[in-house]
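Prediction below, plus the sequence it came from.
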Amino acid sequence: MQKITMTPLEVAKMLGVSRATIYNAVATNEIPHFKVRGKILFNKDIIMKWTRGEYEETKEAVQA
């Protein structure tokens, strides 16, 4: 089974930025993310779309 979530460190490595940059983007809602019991996670498919400029946040995504 393939992992569908990414941690802030994994996203930072993929984008070539620091983990602090990712946390700042989360704090200002610049990057799509979600929390599970306080842990910040990212959906891998959504992050890939977001990096290509193909991700458009919908009401369903905000409510999920």
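Great, that's in hand.

Show me the helices in the protein, by range?
8-15, 19-27, 44-51, 59-63 (DSSP state H).

Next, format these as a markdown table and append mean pLDDT and mean neighbour count.
Every residue, glycine included, has its C-beta placed from N, CA and C. Below are the helices of the chain laid out as a markdown table (pLDDT from 0 to 100; neighbours: other CB atoms under 10 Å):
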| stretch | mean pLDDT | mean neighbour count |
| --- | --- | --- |
| helix 8-15 | 98 | 17 |
| helix 19-27 | 98 | 15 |
| helix 44-51 | 96 | 16 |
| helix 59-63 | 50 | 8 |
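
Tell me which of those lies nearest to residue 35.
helix 19-27 (9.1 Å; CB to CB).

helices or strands next to the closest one in the packing?
Helices and strands touching helix 19-27, by 3 or more CB pairs under 8 Å, 6 or more residues apart in numbering; DSSP states H and E, are helix 8-15.

and the helix it packs on, how far from the chain's centre?
Mean-position distance between helix 8-15 and its chain equals 9 Å (CA atoms, centre = their mean, to the nearest Å).

who does that helix touch, helix- and strand-wise?
The contact analysis (3+ CB pairs under 8 Å, 6+ apart) places helix 8-15 against helix 19-27, strand 39-43, helix 44-51.

out of the ones you listed, which comes closest to residue 57?
Residue 57 sits nearest to helix 44-51 of all those, at 9.3 Å, using CB to CB.

buried ones in stretch 25-34?
25-26, 31-33 (16 or more other CB atoms under 10 Å).

would you turn the helices and strands packed on helix 8-15 into CSV with distance to residue 13?
As requested, the helices and strands packed on helix 8-15 are exported to CSV (distance: least, CB to CB, whole Å):
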stretch, distance to residue 13
helix 19-27, 9
strand 39-43, 12
helix 44-51, 12
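
what's the closest of those to residue 8?
Nearest of the helices and strands packed on helix 8-15 (CB to CB): helix 19-27, 4.5 Å.

between the closest one and strand 39-43, how many degrees?
Comparing the axes of helix 19-27 and strand 39-43 via axes from the mean of the first three to the mean of the last three CA atoms, to 10 degrees yields an angle of 80 degrees.
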